[in-house]
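Engineer: here's my sequence, what's the structure:
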Amino acid sequence: MNIQPQTDSVDNDNIFTRRLLLLLLFIFILGVVIITRLFILQISQHNFYSLMSSEKHEVYKNIFPERGSIYTRENDELYPLVTNRNYYLIYADPRKIESPKKIVDSITSILGLEEEEWKSLLGRLADKTDPYEPIKHKITKSQMEKIQDLNLKGINFLPEIYRYYPEVGIGGHIFGFVSTQDDKKIGQYGLEGYFNKELSGKSGLIKSIKDALGSLVTIGPRSIDKAQDGVDLVLTIDRHVQFTACQKLKEFYEWFDADSATVIIMEPTGAILAMCSFPDFDPEKYNEIEDINYLNNPAIFYPYEPGSIFKAITMAIGLDTGKVEPDTTYIDEGEVKVGPYTIKNSDFKAHGKQTMTEVLEKSLNTGALYVEQEVGKNVFKRYVESFGFGEPTEITLDTEMAGDLSQLDKRGDIYGITASYGQGITVTPLQMVTSFATIVNQGKLPKPYIVSETISPDGTIQEIKAENVRQVIQPKSASLLSGMLVSVVENGYGGKAKVDGYYLGGKTGTAQVAAVGGYGTKTIHSFVGFGPVSNPKFVMLVKLDNPKGVKFASDSVTPLFGQLSEFLLNYYQIPPDY
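Structural biologist: Residues are numbered from 1 along each chain as shown. Next comes the predicted model:
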């Protein structure tokens with residue numbers, strides 16, 4: 001009997017065993033890969049994938065920082081003056097759109113597109129080579145949801161953050177605005193411009209490998225560096241004082257049909273309580289401004305010849321040098337000849353024997369001239385510079401100007417003489433009100449400031465303290481001048497600034513505006529004052545540029561100062577002097 005060898009069966013068994021081993025090896029390797037991948041996903045790169053698996057808005061928030069807000073404090077509570085609101089950008093991928101007309105018809109009414117807009121969009125959506133076509137910025141969440149419900153292929157959204165101003169018309173020049181330049185948010189003018197870096201924060205970053213189409217590859221090293229939000233600012237501004245000052249200023253600005261108007265209210269220590277100018281602008285609609293000059297803050301940007309309010313500074317110099325006292329007299333003959341020039345009083349009258357207090361009460365040019373000549377031009381210039389004129393105050397607002405004292409460097413007595421009553425030199429309103437704050441701050445020049453605190457994203461608060469720049473005049477000189485300025489309000493041209501029961505001090509100024517070949521017919525009316533003299537709570541400047549139908553500041557801005565002073569005295573519940 002023949003027995004056949006079993007080689008075929010053995011070979012089959014070996015093949016099966018090898019295949020089984022290969023299968024098990026494959027399953028083992030696959031298991032290792034899966035376990036390794038799970039470890040990467042759940043352990044080593046958990047944070048990255050957690051963020052990437054979130055909604056687009058979460059990823060957006062982690063890459064793009066939130067701009068810091070701007071607040072004021074009320075009873076230890078923060079009240080927002082500038083903050084952020086979430087909006088969306090709607091955009092299209094025309095490559096995925098089958099019917100541009102259907103898209104346009106569907107979204108036009110929701111987005112409120114004008115005829116010109118939707119016709120332009122119709123043409124842009126027809127370009128099948130275009131992968132990205134923005135349709136409209138700053139759409140609301142409600143608008144986005146309505147369009148999402150339509151399930152329109154090729155239509156997508158991205159979150160956007162825009163500045164929001166809860167109250168319009170109380171501080172456009174203070175805040176400035178945020179514009180978009182090269183897809184970046186840039187702060188310009190005011191606080192937004194000065195603190196742009198701090199408010200902006202720091203952008204985050206996705207680090208990952210991309211494929212040829214620009215999409216993130218699912219393998220390879222990757223990480224997310226989260227964004228750092230911007231700091232918040234807390235202002236010295238009192239919201240109620242700011243609102244009232246702006247409203248009152250607007251009334252006078254419109255009543256006298258002035259070209260422009262400014263009010264600044266500050267504490268004697270330099271803290272700004274209110275700062276407002278007209279014409280103003282809405283920071284949310286800055287791009288609608290036709291005249292770019294309206295964006296500049298008149299309180300700090302436009303220097304002007306101050307006129308007779310500067311006589312108070314001249315008198316401060318005379319008192320501090322000991323050249324005059326409040327009761328020092330001179331003979332006013334109505335005019336003084338200086339070389340080829342004749343200096344006259346604004347009322348063209350001769351008043352005879354006059355004290356220095358009466359010089360301020362009657363605003364006599366010849367009296368200011370007398371003090372400047374007693375002091376001397378060089379000493380006069382040194383004091384004027386010490387008061388802070390001719391250099392920026394360094395307040396933390398963008399685009400501050402320094403003013404111009406170059407006239408005081410010219411040869412000839414006439415240049416110091418005209419400066420003594422506020423002609424030929426230029427100052428900013430902020431410099432002017434700060435110089436008066438020096439008088440009631442015991443002769444010390446305060447540094448104006450408008451930010452009282454900064455708050456970091458981690459909650460750390462950094463306080464900004466009041467600061468004195470230098471001692472300009474002695475306390476005795478400051479006290480004597482304060483009394484003289486009270487007499488101006490009680491007995492002189494500043495009489496309409498009076499508030500019953502209180503002693504206020506101040507000085508009027510009606511300055512001619514320089515024109516070709518001399519001075520023209522336009523005037524600038526100013527009043528700078530403080531109150532109450534026993535314990536000054538505020539220093540204030542009010543200014544109207546070229547008011548119509550009124551000749552002197554005593555009839556225009558002086559009543560405005562009185563009305564705002566009465567409000568402040570009541571608002572701060574300051575007891576009467578008598």
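
Engineer: what number of residues lie near the nearest residue to residue 335 once chain neighbours are set aside?
Structural biologist: Of all residues not flanking residue 335 in the chain, residue 344 sits nearest, at 4.4 Å (Cβ to Cβ, 6 or more residues apart in numbering). In short, each C-beta sits where N, CA and C put it, glycine included. Neighbour count of residue 344, defined by other Cβ atoms under 10 Å: 13.

Engineer: could you do the one 5 residues further on as well?
Structural biologist: Taking other Cβ under 10 Å as the neighbour definition, residue 349 ends up with a count of 13.

Engineer: ok, it to residue 383 distance?
Structural biologist: 29 Å (Cβ to Cβ, to the nearest Å).

Engineer: repeat that for residue 261.
Structural biologist: 30 Å.

Engineer: more crowded one of the two?
Structural biologist: residue 261 (27 against 20).

Engineer: in stretch 394-412, what's buried?
Structural biologist: 395, 396, 397, 398, 399, 400, 401, 402, 403, 405, 407, 408 (16 or more other Cβ atoms under 10 Å).

Engineer: switch the residues you listed over to TSV; also include secondary structure.
Structural biologist: Shown next, in TSV, are these (DSSP: H, G, I helix; E, B strand; the rest coil):
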residue	secondary structure
395	coil
396	coil
397	coil
398	strand
399	coil
400	coil
401	coil
402	coil
403	coil
405	coil
407	helix
408	helix
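
Engineer: surely the residue nearest to residue 335 touches residue 365?
Structural biologist: Yes - using Cβ atoms under 8 Å, residue 344 is in contact with residue 365, at 6.7 Å.

Engineer: low-confidence ranges in the stretch 151-300 of the chain?
Structural biologist: 183, 205-224 (pLDDT under 70).

Engineer: run a quick neighbour tally on residue 19.
Structural biologist: 10.

Engineer: just want the phi and psi numbers for it.
Structural biologist: The phi/psi pair for residue 19 (degrees, to the nearest 10) reads phi -60, psi -40.

Engineer: again, but for residue 546
Structural biologist: Note on residue 546: backbone dihedrals following degrees, to the nearest 10 are phi 50, psi 60.

Engineer: ok, it to residue 430 distance?
Structural biologist: Per Cβ to Cβ, residue 546 is found 20 Å from residue 430.

Engineer: do the same with residue 280
Structural biologist: Distance, residue 280 to residue 430, using Cβ to Cβ: 17 Å.

Engineer: which one of those two has more residues nearby?
Structural biologist: residue 430 (28 against 20).

Engineer: can you pull the alpha-carbon coordinates of the host helix or strand of that one into CSV?
Structural biologist: Secondary structure from DSSP states H and E places residue 430 in helix 429-440. Extracted C-alpha coordinates of helix 429-440, given in CSV (Å, rounded to 0.1, in the frame of the first residue of the first chain):
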residue,chain,number,x,y,z
PRO,A,429,-6.7,125.7,26.9
LEU,A,430,-5.3,122.9,29.1
GLN,A,431,-2.1,124.8,29.8
MET,A,432,-4.2,127.9,30.7
VAL,A,433,-6.5,126.1,33.1
THR,A,434,-3.5,124.3,34.6
SER,A,435,-1.7,127.6,35.2
PHE,A,436,-4.8,128.8,37.3
ALA,A,437,-4.7,125.5,39.1
THR,A,438,-1.2,126.4,40.2
ILE,A,439,-2.6,129.6,41.8
VAL,A,440,-5.0,127.6,44.0
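
Engineer: and it, average pLDDT?
Structural biologist: What helix 429-440 shows for mean pLDDT is 98.

Engineer: same question, stretch 459-469
Structural biologist: When pLDDT is averaged over stretch 459-469, the result is 95.

Engineer: quick one: contacts for the nearest residue to residue 544 once chain neighbours are set aside?
Structural biologist: Sequence neighbours aside, residue 258 is the residue nearest to residue 544 in space, at 4.3 Å (criterion: Cβ to Cβ, 6+ apart). Shown in contact with residue 258 (Cβ atoms under 8 Å, 6 or more residues apart in numbering): 252, 278, 544, 545, 546, 547, 548.

Engineer: that older thread, packing partners of the helix holding residue 430?
Structural biologist: Counting contacts by 3 or more Cβ pairs under 8 Å, 6 or more residues apart in numbering; DSSP states H and E, helix 429-440 packs against strand 260-266, helix 311-320, strand 444-446, helix 475-491, strand 518-531, strand 538-545.

Engineer: can I see the domain layout of the protein?
Structural biologist: 84-165, 239-571 (automatic domain parsing).

Engineer: end-to-end on the longest one?
Structural biologist: Distance between the two ends of domain 239-571: 12 Å, counting by Cα to Cα, to the nearest Å.

Engineer: centre of the chain to that domain, how far?
Structural biologist: Centre-to-centre, domain 239-571 and its host chain are 22 Å apart (Cα atoms, centre = their mean, to the nearest Å).

Engineer: who's in contact with residue 471?
Structural biologist: 443, 444, 445 are the contacts of residue 471 under Cβ under 8 Å, 6+ apart.

Engineer: so it bridges to which residues?
Structural biologist: According to DSSP bridges, the partner residues bridging residue 471 are residue 444.

Engineer: distance of it relative to residue 230?
Structural biologist: Counting by Cβ to Cβ - residue 471 and residue 230 are separated by 38 Å.

Engineer: circling back to that earlier point, which of the helices and strands packed on helix 429-440 sits closest to residue 200?
Structural biologist: Nearest to residue 200 among these is strand 260-266 (28.1 Å), distances taken as Cβ to Cβ.

Engineer: and that closest one, what does it pack onto?
Structural biologist: Using 3+ Cβ pairs under 8 Å, 6+ apart as the contact test, the elements touching strand 260-266 are helix 239-255, strand 272-278, helix 429-440, strand 538-545, helix 557-571.

Engineer: closest one to residue 101 among the ones you listed?
Structural biologist: Here strand 272-278 is closest among the helices and strands packed on strand 260-266 (Cβ to Cβ), at 47.7 Å.

Engineer: parallel or antiparallel, which strands does that closest one pair with?
Structural biologist: According to DSSP bridges, strand 272-278 forms sheet pairs with strand 260-266 (antiparallel).

Engineer: any residues touching the partner strand, and which ones?
Structural biologist: By Cβ under 8 Å, 6+ apart, the list of residues contacting strand 260-266 reads 241, 245-246, 248-250, 252-253, 272-279, 298-299, 429-430, 433-434, 437, 448, 538-545, 560, 564, 568.

Engineer: I'm done for today, thanks for sticking with me.
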